[in-house]
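# Sharing a model prediction with you, sequence too.
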Amino acid sequence: MSEKDVTHGLNCPKCGGMIRIPEGQRLVICPYCQQRSIVRGERGVLRYQVPAQIERLVAEKMLQRFLTSSFAIARNAPRLAKLDESLLVFLPFYTSWGRVLGWVFGQERVGSGEKARYEPREVQFVQDATWNRAACDVGEFGVESVPLEDKPYEPYNDDEIHRAGMVFEPVGSLSEALQEAQQMFQAQVRGSARLDRISQVFVRIVRQRFGLVYYPLWILRYLYRGRAYQVAIDGHSGQILYGKAPGNTLYRAAVLVGGIALGALIAIDVPTLLLYFGRNSDEMDGLLVLSGFALLVGFSAMYAAYRAFRYGEEYEYRWKKTASIAEWSPKQLIESLSEALE
């Protein structure tokens with residue numbers, strides 16, 4: 001903790017010794033007489049820590065499990081990977097807790113074809129929610145958020161976590177983090193409504209708290225044929241949160257060939273058969289729609305196969321990630337294009 005986060009000059013009411021008061025800490029102990037005192041007034045940003053329960057050897061075993069977790073990882077990676085470094089770090093995460101109350105007004109599509117209609121709906125949402133994001137630059141570690149649900153929180157102890165591992169201090173704007181938490185809660189309410197058309201959304205958050213949570217991560221760096229890779233493991237539960245590994249060349253080739261073949265079959269053969277056998281049918285309009293859908297599915301499959309081959313030289317895993325449009329799956333592309341056409 002930096003000096004600016006500590007208040008100096010308050011004297012112990014028992015022995016008169018000077019007491020350091022970390023930001024946000026309510027209970028302090030005099031280092032001279034062990035007198036416990038409660039701090040009154042503005043507490044600042046509350047700080048917590050999640051205890052580290054995973055030992056180094058357990059984390060190193062999780063590395064081997066990660067290297068065998070996917071066909072996309074080079075098959076000889078578990079044998080050739082050489083552990084280079086393992087260290088425990090505590091990263092700060094801006095965190096917001098609260099009970100989210102939401103009301104969504106809109107319309108739901110009922111029926112299909114010419115009989116389709118939109119009926120008004122009101123959806124209510126009540127749920128306890130937790131939001132968090134890294135309060136420092138995590139580009140090196142790849143962990144943008146952590147699974148805080150059902151995790152035990154302890155009062156922040158600066159000396160304890162510095163003895164346990166490397167501690168990173170928060171940077172960035174607190175107000176931006178608060179705003180981002182509000183936007184996430186609103187998006188959660190909108191997504192839970194499952195309405196085809198949304199006209200109004202009202203969100204209220206009760207019993208909301210905001211603070212900094214220092215979370216333990218085991219960072220394991222290993223070498224594979226002279227190249228360095230890294231894995232981040234949850235220091236409390238042992239869950240793999242981020243990892244990079246060398247790609248499997250045979251897997252990439254198989255996905256490319258199989259995806260192109262499957263995509264071509266769906267995009268070309270299926271529409272051809274539909275239009276050929278239904279050329280004298282009264283349902284030609286419907287067949288044209290099905291043919292267009294098959295064409296979209298086929299090209300999406302070919303695009304996904306190309307991406308798997310193009311970017312498969314390295315395998316990357318993230319516990320939680322918001323995908324950009326360039327990284328959408330074929331299903332996401334189809335759903336997005338269908339909504340746009342509608």
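Looks like it arrived, so ask away.

# What does the nearest residue to R36 once chain neighbours are set aside show for phi and psi?
Across the structure, with C-beta to C-beta, 6 or more residues apart in numbering as the measure, the residue nearest R36 apart from its sequence neighbours is I29 (5.5 Å). In short, each C-beta sits where N, CA and C put it, glycine included. Comment: the main-chain dihedrals of I29 come out as phi -120, psi 130, following degrees, to the nearest 10.

# just the one 3 residues further on next, same as before
Note on Y32: its backbone torsions stand at phi -100, psi -40 [degrees, to the nearest 10].

# and if you look at A193?
Per degrees, to the nearest 10, the residue geometry at A193, taken as phi and psi, is phi -70, psi -30.

# count of residues packed around the residue nearest to R36?
Counted with other C-beta atoms under 10 Å, the neighbours of I29 add up to 12.

# my read: it touches Q35, true?
Yes: with contact defined as C-beta atoms under 8 Å, I29 and Q35 form a contacting pair (7.2 Å).

# ok, back up a step: got a pLDDT number for the residue nearest to R36?
Model confidence at I29, given as pLDDT, is 81.

# before we move on, what about G191?
Model confidence at G191, given as pLDDT, is 82.

# Tell me if I am right that it is in a helix.
Yes: counting by DSSP: H, G, I helix; E, B strand; the rest coil, G191 is located in a helix.

# Compute the number of surrounding residues for it.
10.

# Run through the residues that contact it.
The neighbourhood of G191, defined by C-beta atoms under 8 Å, 6 or more residues apart in numbering, contains no residues.

# In the stretch 1-150 of the chain, where is pLDDT below threshold?
When the per-residue scores of the stretch 1-150 of the chain are filtered using pLDDT under 70, the ranges that remain are 1-11, 13, 16, 21-26, 37-44, 113.

# Can you give me the buried ones in the longest helix along the chain?
Secondary structure of the chain read by DSSP state H shows that its longest helix is helix 284-310. Residues of helix 284-310 classed as buried by neighbour count (16 or more other C-beta atoms under 10 Å): 287, 290-291, 293-302, 304-305, 307-309.

# cool, and stretch 152-167?
Using 16+ other C-beta under 10 Å as the test for burial, stretch 152-167 gives 153, 156, 158, 161, 164-165, 167.

# Quick one: the strands in the stretch 1-150 of the chain, in order.
Ranges of strands within the stretch 1-150 of the chain are 6-11, 18-22, 27-29, 36-38, 46-49, 82-110, 117-134, based on DSSP state E, counting those that start in this stretch.

# if you compare the ones you listed, which one is most tucked away?
Per residue and on average, the most neighbours among those fall to strand 46-49, with a mean of 21 (mean count of other C-beta atoms under 10 Å).

# Can you give me the pLDDT of Q332?
On the pLDDT scale, Q332 is placed at 45.

# and the chain, what are its domains?
Partitioning the chain according to automatic domain parsing yields domains covering residues 3-44, 49-246, 250-341.

# So what would you say the end-to-end distance of the second one is?
Start-to-end span of domain 49-246 (C-alpha to C-alpha, to the nearest Å) is 34 Å.

# if I pick V89, what's in contact with it?
Each residue near V89 by C-beta under 8 Å, 6+ apart is listed here: 141, 165-168, 216-217, 219.

# Which of those sits closest to T272?
Nearest to T272 out of the contacts of V89 is F141 (C-beta to C-beta; 50.2 Å).

# Would you check that that closest one makes contact with L220?
No: taking contacts as C-beta under 8 Å, F141 lies outside contact range of L220: 11.0 Å.

# Give me the more crowded residue out of these two.
Relative neighbour count places L220 above the other of F141 and L220, with 24 against 19, counting by other C-beta under 10 Å.

# give me the element that one is part of.
Secondary-structure assignment from DSSP states H and E places L220 in strand 197-224.

# Could you name the helices and strands sitting against that strand?
strand 46-49, helix 56-67, strand 82-110, helix 174-193, strand 227-234, strand 240-246 (3 or more C-beta pairs under 8 Å, 6 or more residues apart in numbering; DSSP states H and E).

# Which strands border it, and is each parallel or antiparallel?
As defined by DSSP bridges, the strand partners of strand 197-224 come to strand 46-49 (parallel), strand 82-110 (antiparallel), strand 227-234 (antiparallel).

# and F71, which of these is closest to it?
Relative to F71, the nearest member of those by C-beta to C-beta is strand 227-234, separated by 17.5 Å.
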